[in-house]
Structure formats: C-alpha cells, structure tokens
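[1] missing the sequence, but the structure's below:
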C-alpha cells in the first residue's frame, strides 16, 4: 500500500513540475519568435520572472523524492540517462543564469547573449524531458544489476524523439497561453494567435504519440488487462487529456485566458499520468528481460523511510502549495508597457 | 583516468565551486534581514539604501549558488549509482526533505523579495528576506546532516544487501552533525562578515557614502568577530569529535605516523608519505596532540602505520589543508577584533581597510581548505567505515564522464567569471540615491 501511494506521489510530483516549469520552458523557447523589441522581451521575461525559480524546485523535489522513495530506480535511471540528464542540467544552469543576469545587464550585446542562453536553456530541456519519459514508458536495456547496456543512440530512438517533440509542443503551447495570461493588449492577442497556431500540430503529435505508444510500449496493456483496477484512471486520464486539449482551444477562441491555460495544464498532467499509471507496477521496464525491470516493490526504500517521507510530504507540500499559490496571486496582474518599469525588481 | 577518478574530479569541482557562493548566501541573507528590520523599526532611509546595495550583490551570488546546486543532487544518481542504491534508503530522504522543507521556501521568497520592492509593504518585504535567510540556513542543516552521516554513519542497519534506516532521530541529532553544522555556518558568517566589512572599507577609503558604509562596516565586522571567536572554541571541540569518530582522518590531519602516548605536536612538519614518516619535524610541543584530541596528556593517539595502507587518506593534502585552515582560523579573530575596536573611527585607518580588502580571499580559502580536510580526509571511504569510494561509482561509459567533466569545468568557469564581473560592477556602481 505504502509503495503504491508513493508511486502515485512520484508521478504527481513530476506532473506538477511539468505543468509549472513547462510554461517557463515554453516561453523561453518561444521568446525569439514572439518578442521582438526590447520592451516586448522584458514583458515576456517578467511574465515568468517571479515564478520560474520556485517552479524549478519541483524538479529538485521530484528528483529528491525519487532518491528517497525509490533509491534503486533513482540510481539506475539517472546513471542510464547520464548524457541526456547532464545536458538537461547544464541547459537549466544556462537558463537560470540567463534569466537572472539579463535583468542586471544594460549592454545590448550582453542581453543578446542572455537571450540565446534563455532560448537554448529552455528548448533543450523541454525536448529532452520528453525523450527521457518516452524512454521510461517503453523501457530501456538494463541488465539484472541495473547496468545500462545501450548508448546515447539507444535513447534517441524514433518513439523517444516523438515523445520529445510532444513535450516541446505541449510546453510551447502552455507557454504561449501563460503569456496571454500575463500580458495585455497587442502582445496578448499575439500570444493567443501563436497558441492557436500551435494547437493543430499539438493535436496531431499527441494523437500520433498515443498511437505509437500502442505499438512501442505496454502501457495500454495494463489498462486493458485489469479494467476494474484501472477503471478510475481510465476515465479520468482521457478526460484530462482530451478535455484539456479541446477545452483549451474552446476557451482560447473565447479569449478566456485563465481557463485556456488551466486546460493546457490539465493536458500536461494527463499525458504524464497516463504514462506513469500505465507503467505500474514498473518504474523502469527493462527491454532485455521483464524480470530485470525495476518495480514499485523491488526498487523502493524500506517501509520506515517511506512512512517518514510520507509524513514530511503530507505536511510540507500543502504548505508549499499554499505559499506558492499566494505568490501567483500576488503577481497575477497583467504586465504591459505602462507598468513595466514599476514591476521590475531593480 | 578511469570513471572513478573522473567522477571524483567532477564531484569535487561541482561542490567546491558551489560552495564558493553558498557561504555568502547564508551570511549575507541574515545581514540583509537585519538591515531591513532596522529600516522598518527606525524608518531611517539609509538602511533601505543599504539593503538595496547589498541586495543587488546578494542576488547575483545567490543565483550562481542555486544553479550550481542542481547538478549536485543528480550526480549521486548519474555518477554514484552504486552509492545511491546502497545507502539511498537513509541518505535520499535527507536530500528530499531539504528540497521540500527549505529549498522551496528559499526559492519562492527570494523572488517575492526581488520583485516585491514596490509591491510589498516594508514590513512584508523584511519578512520575505527573513524567510529566505531562515530557509537557506535550514537548507544547510539538512545538507550538512547528510554529509555528517557520510562522515559518521549512525541510525542504520544492514538488511537485504543495503543500509536501511533504523533510527531517523539518531541521524538528525547526532553530535557529529550538530558540530559540523555549527562549524560550517560559523565559517559562512565569518566570510560574510569580512565580505561586508571589506567592501565597506573600499567606499570608506574613497570617502563616499560614509554614513552608509560605516554602519555596514560595523555590522559586518561584528559578525566576523563573534563567529571567528565561536569558530576557535568550536573548532577545538570539532577536533575531538574527529579524534573520537574518525581516527584515520585525525592521524592524517596531523601527519602522525607512530602510535604512542603523550603524543606531541610539531609546529612545522613536512610529511614524507612514501616512506611513512615526516621529513622534517620542528618545534615540538610535548603531549599537545594527546591533550587536544583527548584532553589528557597521557592519552594514546593511534598513528597512520597502525591502519591498513588501503584505509589511509592522502596524508599530504589532508595535513596541508588542515594547517592552512587552522592558521587562518587563528588569524581571523585577531583581524576582526582590531577592526571592531576601531569601528567608530575606522575611516581614519586606511591601511587596515586596504589590508582587509586584499585578504578577502582568505576566508574563501579557509572554507575550501576545511572541506578538503573533511572530504579528502574521509578517503578511501565515501561513507566512513561502511562504503569505499571505489565501490560507490556508477558502471558507465567513460567518454561521457570525460565530456561532462570538461563541460562542467568550462561552463562553471564562464559563469564564475561573469558573476565576479557583475559583483564587481555592482560594487563600483555604489548605492542608489535616496530618491528612489
């Protein structure tokens, strides 16, 4: 039971990370295409300025919880994904310093450098998180000792790249809608248009990914083989994914920004949970032999550790959500040319 | 070079670089909180100006500390998979608690603070920097508790081929951890105090913004004085802790080869690791080592020769780093005391202010030396007495570790240089005029 609760929590923490940092990564990747003038760039930066740092901590927490609750999975997963994970981390470092330092630079050539850093540091993780999770969904070649028997090229297979593309477009769409939430006037209208433009590719790639998943993974197997056990997620997840997808375009047409963004958040959470729940009881399937797969049971911590950590998470995560919610409300106003100077930190 | 050595180098590079920035975050956040509280209490605009000047520097330093911290958590998985598998049940939870209890708070409220100068009331703004200060220090507590467990593992049992948690309370309250935390935080406050005092001195030398920087100087030098005194006393206790729990580290710190009672200490030693002796020993202080380690002049201190060769840490590095740290540790209270006595008329002592500016790298050096003693002195163990470093490394392809190490060194160097450039730039820019 404890292990199962932790499995759900593990999935939820990653889903929350993708929902929250997803829009930052999306905005960073969209930046060169939607923000042209210096003023527009500053607006776009400010749209994520007060939030991205707190959002990124969800990654640290998701990683930390993987370590605490499923240490074997943490060890095997992260050492197998050595190259892509290092690239993600370096990219996030570049993004972090670019966001922080741009605000404190006056020189246009420095700003240009930070703009490039923001783009690369956002685009690369958006893509690689998708590649990584698609690989988890389909399994990787690990032996009985949890040693990875493939190479970087093993990880860059077509299905994984499709997963990368899906995450990238999801985040771009999500980011465009957040820009619509935070900005006003003409910039807001442009953000809506960009989001609308992205919707069709998003729908096509999402459907393509769900079809490819049928052929490349065992995810559906779980849903089909144990229909009673999976009754609840089997209803909730398609509603989240499809409802989010169609809901967001519906609200987008009506220019209801918060609802549209909320729906795209639902899609991201739905896609993540679809994969995670479909994996159960695996955390990381072995493509060499199912016996070598890491599961919720053979990769977990002791009951004592799981209990203590559950206590910590149940007490502190709601507190975190409460103060982060407060922060979002505090900075929920729209940013435009008029109030830009007032909003900036220094 | 093999994966083991490359991974060790990578972890060392990442942690040492990270810890250039962390101490200032720990101390300066507290000083900023004090400055803003004074502003709220007195309404004196100078304190607000002060907080904004130091805050700008703080944010650059903070950002680099945060981004370089990210790689550390993940490196336990990427490079030290066998370590993570073996001790993750105990060790992983400490990192996860750090993230959910402290790091969230720190990262959320630093943004509230940075973006909230105009949006928050002065009181709420001061509260947000207090939360940042509190959270970063709590964060240090959890990370250092995790490190202390690697130095002196407690509260675990070996079950099913791995170390499992047996008593959580033992881990988070063991005396070794508490001493490590007091020691490291004091070092961070010494560094921060000297940083603020030295930079203030730069302006006092130029005779600009005298009022603001005289007050900053007084706050900084007081912090440096208080904690350099704490450090001398506590450092001594810390030494006894090491003697009790990590005898091989103690022997290496002192380059002490032959087991004996009434163990002496020498003022000057040149170790000769190859021949298991010291080339030169000068200035004998009879029974001093026995005294310091066990508070008993007759106590027997175990020498390196009585430990198996493959359980001894590198002696020269551990010894040298220890001597450097101790020397600086005794120098700091002297300097801080002098500055503190003269704080009211410090602008009349330009030579002192100049010296203070030039020796600013010393507290950084002392901290790096301290970590060298702690980490190199723990070798060949990654968890003292439980897991050897060579058994902890991941089984992975060497090329990718070479590339990531090169990439990390390059990326961090560039970031470090730019951060230093920005900090110097903001220092030279000086405080804003009061009208803003």
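    Thanks, I have it. For clarity, every value in this text was computed on a predicted model and none was experimentally measured.
[2] switch to C-alpha atoms for all contacts and neighbour counts from now on
    OK.
[3] dump the residue contacts of residue 260.
    I went with chain A, as the question did not name one. A:177, A:247, A:248, A:249, A:250, A:251, A:252 (C-alpha atoms under 8 Å, 6 or more residues apart in numbering or on different chains).
[4] my bad, the chain I had in mind was chain B
    B:300, B:301, B:302, B:303.
[5] So which of those are in strands?
    Residues of the contacts of residue B:260 located in strands (DSSP state E): B:300, B:301.
[6] JSON lines for the contacts of residue B:260, including distance to residue A:166, neighbour count and pLDDT?
    Shown next, in JSON lines, are the contacts of residue B:260 (distance: C-alpha to C-alpha, whole Å; neighbours: other C-alpha atoms under 10 Å in any protein chain shown; pLDDT from 0 to 100):
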{"residue": "B:300", "distance to residue A:166": "67", "neighbour count": "18", "pLDDT": "92"}
{"residue": "B:301", "distance to residue A:166": "64", "neighbour count": "24", "pLDDT": "92"}
{"residue": "B:302", "distance to residue A:166": "62", "neighbour count": "20", "pLDDT": "92"}
{"residue": "B:303", "distance to residue A:166": "62", "neighbour count": "20", "pLDDT": "93"}
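[7] Now render the contacts of residue B:260 as TSV, adding distance to residue B:323.
    Compiled in TSV, the contacts of residue B:260 are given as follows (distance: C-alpha to C-alpha, whole Å):
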residue	distance to residue B:323
B:300	22
B:301	19
B:302	19
B:303	18
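[8] If we check chain A, which of the contacts of residue B:260 are in contact?
    Near chain A, judged by C-alpha under 8 Å from any C-alpha of the partner chain, there are no entries from the contacts of residue B:260.
[9] Tell me the one of the contacts of residue B:260 nearest residue B:253?
    Taking C-alpha to C-alpha as the measure, residue B:253 sits nearest to residue B:303 out of those, at 11.0 Å.
[10] which residue does the stretch 101-250 of chain A bring closest to chain B?
    Chain B sits closest to residue A:147 of the stretch 101-250 of chain A, with a gap of 6.6 Å, by C-alpha to the nearest C-alpha.
[11] burial measure for that residue, as a count.
    Using other C-alpha atoms under 10 Å in any protein chain shown, residue A:147 is surrounded by 18 other residues.
[12] again, but for residue A:136
    22.
[13] try the one 10 residues further on
    Counted with other C-alpha under 10 Å, the neighbours of residue A:146 add up to 22.
[14] How about the secondary structure of it?
    coil (DSSP: H, G, I helix; E, B strand; the rest coil).
[15] Let me see the contact set for it.
    Taking C-alpha under 8 Å, 6+ apart, one finds A:76, A:292 in contact with residue A:146.
[16] can you tell me how far it sits from residue A:273?
    24 Å (C-alpha to C-alpha, to the nearest Å).
[17] Over to residue B:244?
    Distance, residue B:244 to residue A:273, using C-alpha to C-alpha: 50 Å.
[18] Could you list the low-confidence segments of the chain?
    All of this is about chain A. Applying pLDDT under 70 to chain A flags the ranges A:228, A:341-346.
[19] nope, chain B please
    B:434-436.
[20] Next, count neighbours for residue B:20.
    Count around residue B:20 with other C-alpha under 10 Å applied: 18.
[21] scratch that, residue B:365 is what I was asking about
    Residue B:365: 16 neighbours (other C-alpha under 10 Å).
[22] Could you do the one 4 residues further on as well?
    A count of nearby residues for residue B:369, using other C-alpha under 10 Å, gives 22.
[23] Next SSE downstream of the helix or strand containing it?
    Secondary structure from DSSP states H and E places residue B:369 in helix B:361-376. The element immediately downstream of helix B:361-376 (helix or strand, assigned by DSSP H and E) is strand B:381-383.
[24] ok, the helix or strand following that next one near chain A or not?
    Downstream of strand B:381-383, the first helix or strand assigned by DSSP H and E is strand B:387-388. No. Using C-alpha under 8 Å from any C-alpha, we find that strand B:387-388 stays clear of chain A, coming within 15.9 Å at best.
[25] same deal with stretch B:115-122?
    Yes. Using C-alpha under 8 Å from any C-alpha, stretch B:115-122 reaches chain A at B:115, B:116, B:117, B:118.
[26] So the last one: helix, strand or coil?
    Meaning residue B:118. Going by three-state DSSP: residue B:118 is coil.
[27] Check the burial of it by counting its neighbours.
    Once other C-alpha under 10 Å is used to define contacts, residue B:118 is seen to have 15 neighbours.
[28] Perfect, I'm done here.
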